[in-house]
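In: fold the following and give me the result.
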Amino acid sequence: IALSSPELEHIADYILRHHEKWDGSGYPGGLAGEKIPLPARILAVCDAYDAMTEDRVYRHALSKEEALQEIARCAGTQFDPTIAALFIRLMREEWEDTEV
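Out: As a prediction, the model looks like this:
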C-alpha cells in the first residue's frame with residue numbers, strides 16, 4: 001500500500017520491516033538486531049504503544065503505564081532494548097512535564 005502512495009513510498013520498507021523482532025523471530029525477513037533498519041525499530045515501539053493504548057473491538061486499551069511496562073518486558077526480544085528504554089524514559093519525562 002505504501003509503495004503505491006508517492007508520499008509514503010520512501011518509507012515503505014521501514015513500514016514493512018517494523019514487524020521484524022529484535023530476536024529475529026519477526027517477519028517478513030527474520031531480521032535480527034541491528035540488521036533491522038533503525039527507523040523500523042523505532043516505528044515498532046511507537047506502533048506497539050499506540051496499539052496497546054487504544055481500545056480494540058476485542059479488548060480495552062491498556063493504561064499508558066501498563067503499555068510502557070509491556071514494552072519494557074519485551075525489550076531485547078521484540079524490541080530493540082536501547083530504543084525501548086529511550087522511549088519509556090522520554091514518555092515518562094513528557095508526563096512529568098505536563099503534570100500540573
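In: least trustworthy helix or strand in this structure by mean pLDDT?
Out: Using mean pLDDT, DSSP states H and E, helix 81-98 stands out as the lowest-scoring helix or strand of the chain, at a mean of 93.
In: residues in contact with it?
Out: For helix 81-98, contacts defined as Cβ atoms under 8 Å, 6 or more residues apart in numbering pick out 22, 41-42, 45-46, 49, 64, 68, 71-72, 74-76. Glycine gets a C-beta too; all of them are placed from N, C-alpha and C.
In: avg pLDDT for stretch 61-68?
Out: Per-residue pLDDT over stretch 61-68 has a mean of 97.
In: okay, now the unreliable bits of the protein?
Out: 99-100 (pLDDT under 70).
In: the strands in it, which residues?
Out: Under the criterion DSSP state E, the chain contains no strands.
In: hang on, the earlier thing: could you list the buried residues of the least confident helix or strand of the chain?
Out: By 16 or more other Cβ atoms under 10 Å, the buried positions in helix 81-98 come out as 83, 84, 87, 88, 91.
In: show me where the chain has helices.
Out: 12-17, 38-52, 64-74, 81-98 (DSSP state H).
In: pull the CA coordinates from the first one and hand them back as PDB.
Out: Listed in PDB are the C-alpha atoms of helix 12-17, where the atom choice follows Å, rounded to 0.1, in the frame of the first residue of the first chain:
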ATOM      1  CA  ALA A  12       7.600   1.700   2.600                       C
ATOM      2  CA  ASP A  13      10.500  -0.600   3.500                       C
ATOM      3  CA  TYR A  14      10.500   0.700   7.100                       C
ATOM      4  CA  ILE A  15       6.800   0.100   7.400                       C
ATOM      5  CA  LEU A  16       7.200  -3.400   6.100                       C
ATOM      6  CA  ARG A  17      10.200  -4.100   8.400                       C
END
